[in-house]
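K.L.:
Structure here, sequence nowhere to be found:
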């Protein structure tokens with residue numbers, strides 16, 4: 001073919017050109033897998049730039065980010081001109097004159113390198129090609145990667161080709177914008193917008209000339225010229241950039257002197273949006289959206305999604321504050337209770353001697369040591385007990401210690417943790433999510449990952465089954481010893497439940513009173529009458545998804561459930577019998593603000609409106625019935641506007657788990673408190689019951705919520721029933737003056753506190769049953785007629801109320817202040 005060209009020089013030129021074309025075609029198609037990946041035309045049109053996905057609260061506050069590279073893109077018009085001028089003057093002064101490859105600079109670079117002065121010749125567009133398409137990573141490598149010099153030449157040629165494609169598709173301004181959005185600035189920061197926030201706490205359009213010079217100067221070496229780590233070198237590099245800007249007429253001599261004489265001044269901004277609670281929230285949303293992203297082809301960590309959660313940032317803040325305040329008190333109480341004793345105990349109260357060693361065997365580090373030392377126990381134990389520097393969590397702030405692995409296990413086993421969730425069951429929106437006390441040190445989420453024994457908070461499902469079987473809140477059972485037969489491996493055995501105080505009053509009690517006072521003997525009788533299987537059935541109907549064993553004691557909460565499930569189930573009572581599937585995300589938008597997806601709670605009626613209303617009425621018994629286990633809530637400022645609260649405390653065996661489920665006319669909140677290790681727990685009911693551990697978090701939280709008028713959540717009575725109530729429910733309860741205890745535990749959960757309790761945070765006693773009942777009556781008498789409950793008759797002489805409710809609260813607050821000081 002080439003022989004037809006008679007001119008020899010022309011023929012050789014044609015042959016050379018031909019092979020050059022063939023070579024570049026082979027380069028583009030990755031011929032025989034020699035050259036690796038090259039960006040296609042489609043890739044050029046839609047560059048794959050990892051962009052931060054942002055997490056917003058329902059009230060519009062940025063509360064978190066997801067990213068592989070912490071980058072938030074910015075438009076060209078939003079970039080300060082000084083940044084562009086500094087970039088062009090320093091990195092590519094002929095940027096506006098070439099088409100991606102600067103031949104003149106290339107020749108000059110070759111000559112300079114030959115004379116010993118190494119100088120780069122990459123244009124901004126070539127650097128963009130390398131940053132945007134990772135032209136030198138493993139994906140882009142072909143078989144020629146094993147030939148060093150050839151590999152380098154091919155890499156460079158691919159950058160040239162990609163740069164040429166970019167120049168043909170994008171304008172100069174678009175190339176500059178893409179470049180500034182992709183370049184790294186150190187400290188896991190990518191893009192000019194994020195860098196401006198980190199180093200100067202400014203929007204990118206507010207950056208001054210000397211600040212622009214600092215940022216552009218970092219591009220040569222982000223670590224060497226990092227203004228945080230190396231301020232002196234950063235200042236020197238900044239002035240070099242300013243010199244370049246003067247040299248190419250972007251600055252006058254006067255301006256150069258002005259800016260170069262200024263000291264290096266940083267105002268660091270925070271890129272870590274969200275609190276520790278927010279970190280649990282970010283993780284929860286990530287799990288929540290995992291399946292959605294997979295099904296819809298989105299990358300949560302790179303597609304720049306705008307995720308709008310159902311969380312209210314104000315309520316989240318109040319919840320975190322309540323948790324922090326109470327958990328500090330509880331941790332101090334726990335340490336005072338055990339002193340120098342080890343708290344890991346059997347049910348008989350005996351110390352578990354090999355507890356740390358057994359806990360160590362569950363660690364990945366233990367498996368590593370087993371493999372490394374061929375199961376040699378001496379070597380394994382040596383390293384498990386070898387001290388090393390580490391930082392550990394404490395309520396006084398992170399502290400540095402020298403702990404061995406065994407020491408660390410002992411230390412963390414004694415730390416109390418918590419989980420808390422608040423739900424608006426009418427639309428299924430989760431308003432609060434606190435997965436634990438500190439996400440950095442405790443990754444396990446205690447809202448929906450952890451499952452613990454529910455204790456007495458499970459009792460309402462037994463009373464629900466009773467209502468569903470035809471009973472009403474006024475039906476009565478006797479608080480007496482019972483013997484309940486059950487089959488175990490073909491053999492008939494008997495369960496004899498005890499009340500929390502090991503006593504039986506012999507009194508006849510209504511269902512509402514029994515549930516409000518949390519009487520085990522009556523709950524067990526009800527369970528026997530309706531059947532344990534029906535208790536499980538209605539618990540599942542309300543929203544409990546965990547596997548539940550239908551044992552005779554099922555109503556006392558021996559099964560493990562999550563806070564998430566319990567809140568959902570109690571929400572069914574508040575939402576008129578309609579079960580709402582809790583949702584954490586309301587909508588998702590793409591990078592350009594286009595709506596991608598909206599989420600709605602799936603709702604299904606599982607209870608009749610009448611039954612749901614009666615359950616709410618029963619839950620109010622915890623506050624309104626004599627000895628009700630929620631009456632510690634009188635301590636907080638929650639009772640304006642005839643407010644009503646339904647709730648249930650719970651404590652599992654040995655005070656391992658403390659619970660409180662609180663229901664107001666607007667929200668349902670669940671709180672769990674305990675140690676992650678079940679063998680580590682409080683000693684007594686006075687220190688470890690749910691009303692002492694979990695209930696105060698609810699009280700403190702709701703007090704803050706009610707005080708924030710911007711939330712629109714006000715105290716008030718529950719709405720009157722929308723349907724006719726056919727059952728008898730407004731029944732009289734006899735108020736026995738001798739009744740001074742209120743308990744709610746599988747063992748003991750008393751509201752009566754002996755005077756010799758050592759924990760000073762517990763020295764104040766709650767109002768007596770008589771006073772509380774009188775207060776309930778007073779509150780009811782002042783309610784509007786449609787919400788009014790008949791005053792209970794009392795055979796005992798009327799109790800004189802010596803102090804008002806407000807006076808009692810104020811006295812308690814003063815006592816708390818003294819104790820906390």
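P.N.:
Arrived safely. If you're wondering where the values come from, they're calculated on a predicted model, not measured in any experiment.

K.L.:
What is the longest helix of the protein by residue count?
P.N.:
Assignment by DSSP state H gives helix 313-338 as the longest helix of the chain.

K.L.:
Based on its surroundings, how many neighbours for residue 703?
P.N.:
16 (other CB atoms under 10 Å). (Each C-beta comes from the backbone N, C-alpha and C, glycine too.)

K.L.:
That one falls within a helix, correct?
P.N.:
Yes: membership of residue 703 in a helix is supported by DSSP: H, G, I helix; E, B strand; the rest coil.

K.L.:
Need the pLDDT of it.
P.N.:
Residue 703 is assigned 98 on the pLDDT scale.

K.L.:
check contacts around the nearest residue to residue 203 once chain neighbours are set aside.
P.N.:
Spatial nearest neighbour of residue 203, chain neighbours left out: residue 196 (6.7 Å); criterion: CB to CB, 6 or more residues apart in numbering. By CB atoms under 8 Å, 6 or more residues apart in numbering, the contact set of residue 196 is 202-204, 206-207, 211, 215.

K.L.:
go with 10 Å
P.N.:
Contact partners of residue 196, counting by CB atoms under 10 Å, 6 or more residues apart in numbering, are 74, 79-80, 83, 185, 189, 202-207, 211-212, 215, 269.

K.L.:
Are any of the residues you listed buried, and if so which?
P.N.:
74, 79-80, 83, 185, 189, 202, 204, 207, 211-212, 215 (16 or more other CB atoms under 10 Å).

K.L.:
Pull the contacting residues for residue 479.
P.N.:
Counting by CB under 10 Å, 6+ apart, residue 479 touches 499, 503-509, 513-514, 517, 519-522, 525.

K.L.:
what about residue 255, neighbour count?
P.N.:
Neighbour tally, residue 255, other CB under 10 Å: 14.

K.L.:
rewinding a little: can you give me the offset of the longest helix of the chain from its chain's centre?
P.N.:
Distance, stretch centre to chain centre, for helix 313-338: 16 Å (CA atoms, centre = their mean, to the nearest Å).

K.L.:
and if you look at stretch 672-680?
P.N.:
That offset, for stretch 672-680, works out to 20 Å (CA atoms, centre = their mean).

K.L.:
Ok, stretch 295-311 next?
P.N.:
Distance, centroid of stretch 295-311 to centroid of chain: 16 Å (CA atoms, centre = their mean).

K.L.:
Just the mean pLDDT for the longest helix of the chain, thanks.
P.N.:
Rounded mean pLDDT across helix 313-338 is 97.

K.L.:
And stretch 378-390, by the same measure?
P.N.:
Mean predicted lDDT for stretch 378-390 stands at 95.

K.L.:
do the same with stretch 601-610
P.N.:
Rounded mean pLDDT across stretch 601-610 is 97.

K.L.:
And for stretch 712-725?
P.N.:
Here the average pLDDT along stretch 712-725 is 96.

K.L.:
what's the first-to-last distance across that stretch?
P.N.:
30 Å (CA to CA, to the nearest Å).

K.L.:
List the buried residues of that stretch.
P.N.:
Here stretch 712-725 shows 713, 715-718, 721, 725 as buried, counting by 16+ other CB under 10 Å.

K.L.:
strand partners of whichever strand or helix holds residue 661, parallel vs antiparallel please.
P.N.:
Assessed by DSSP states H and E, residue 661 sits inside strand 657-663. With DSSP bridges as the test, strand 657-663 is paired with strand 646-651 (antiparallel), strand 668-675 (antiparallel).

K.L.:
Next SSE downstream of the last one?
P.N.:
The one in question is strand 668-675. helix 685-688.

K.L.:
which secondary structure elements does the helix or strand that comes right after that following helix contact?
P.N.:
Sequence-wise, the next helix or strand downstream of helix 685-688 (DSSP H and E) is helix 690-693. Identification of packing neighbours for helix 690-693 by 3 or more CB pairs under 10 Å, 6 or more residues apart in numbering; DSSP states H and E yields helix 313-338, strand 646-651, strand 657-663, strand 668-675, helix 685-688.

K.L.:
cutoff 6 Å now
P.N.:
Under the contact criterion of 3 or more CB pairs under 6 Å, 6 or more residues apart in numbering; DSSP states H and E, helix 690-693 touches strand 646-651, strand 657-663.

K.L.:
These: which one's closest to residue 56?
P.N.:
strand 657-663 (27.0 Å; CB to CB).

K.L.:
So what's the gap between that closest one and the chain middle?
P.N.:
Worked out by CA atoms, centre = their mean, strand 657-663 lies 20 Å from the chain centre.

K.L.:
Then stretch 384-401?
P.N.:
The answer for stretch 384-401 is 24 Å, by CA atoms, centre = their mean.

K.L.:
Straight-line length of that stretch, end to end?
P.N.:
16 Å.

K.L.:
Tell me which residues are up against it.
P.N.:
Contact with stretch 384-401 is made by 328, 331, 360, 402-406, 438, 441, as judged by CB atoms under 6 Å, 6 or more residues apart in numbering.

K.L.:
coming back round to it: in CSV: the strands paired with strand 657-663, plus distance to residue 50, mean pLDDT and mean neighbour count.
P.N.:
Converted to CSV, the strands paired with strand 657-663 look like this (distance: least, CB to CB, whole Å; pLDDT from 0 to 100; neighbours: other CB atoms under 10 Å):
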stretch, distance to residue 50, mean pLDDT, mean neighbour count
strand 646-651, 46, 97, 31
strand 668-675, 37, 98, 28
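
K.L.:
Relative to residue 245, which of those strands is closest?
P.N.:
Of the strands paired with strand 657-663, nearest to residue 245 by CB to CB is strand 668-675, at 58.4 Å.

K.L.:
I would like the residues contacting that closest one, please.
P.N.:
Residues contacting strand 668-675 (CB under 6 Å, 6+ apart): 416, 418-423, 425, 563, 566-567, 570-571, 574, 656-662, 693-694, 697-698.

K.L.:
What of stretch 559-569?
P.N.:
419, 421, 423, 447-448, 451-452, 454, 542-546, 548, 582, 668, 670, 672.

K.L.:
Tell me which entries of the residues you listed lie within helices.
P.N.:
residue 542.

K.L.:
ok so, going back, out of the contacts of residue 479, which is most surrounded?
P.N.:
residue 522 leads the contacts of residue 479 on contacts (other CB under 10 Å) with 30 neighbours.

K.L.:
can you pull the pLDDT of residue 806?
P.N.:
54.

K.L.:
before we move on, what about residue 820?
P.N.:
50.

K.L.:
Just the mean pLDDT for stretch 506-520, thanks.
P.N.:
96.

K.L.:
How far does that stretch sit from its chain's centre?
P.N.:
So, by CA atoms, centre = their mean, the centroid of stretch 506-520 is 38 Å from its chain's centroid.

K.L.:
which helices and strands sit right next to the host helix or strand of residue 82?
P.N.:
Element membership for residue 82 (DSSP H and E) is helix 81-91. In terms of contacts (3+ CB pairs under 6 Å, 6+ apart), helix 81-91 is packed against helix 209-217, helix 231-247.

K.L.:
Run through who's touching it.
P.N.:
With CB under 6 Å, 6+ apart, helix 81-91 has contacts from 95, 124, 176, 207, 209, 212-213, 216, 241, 244-245, 248, 250.
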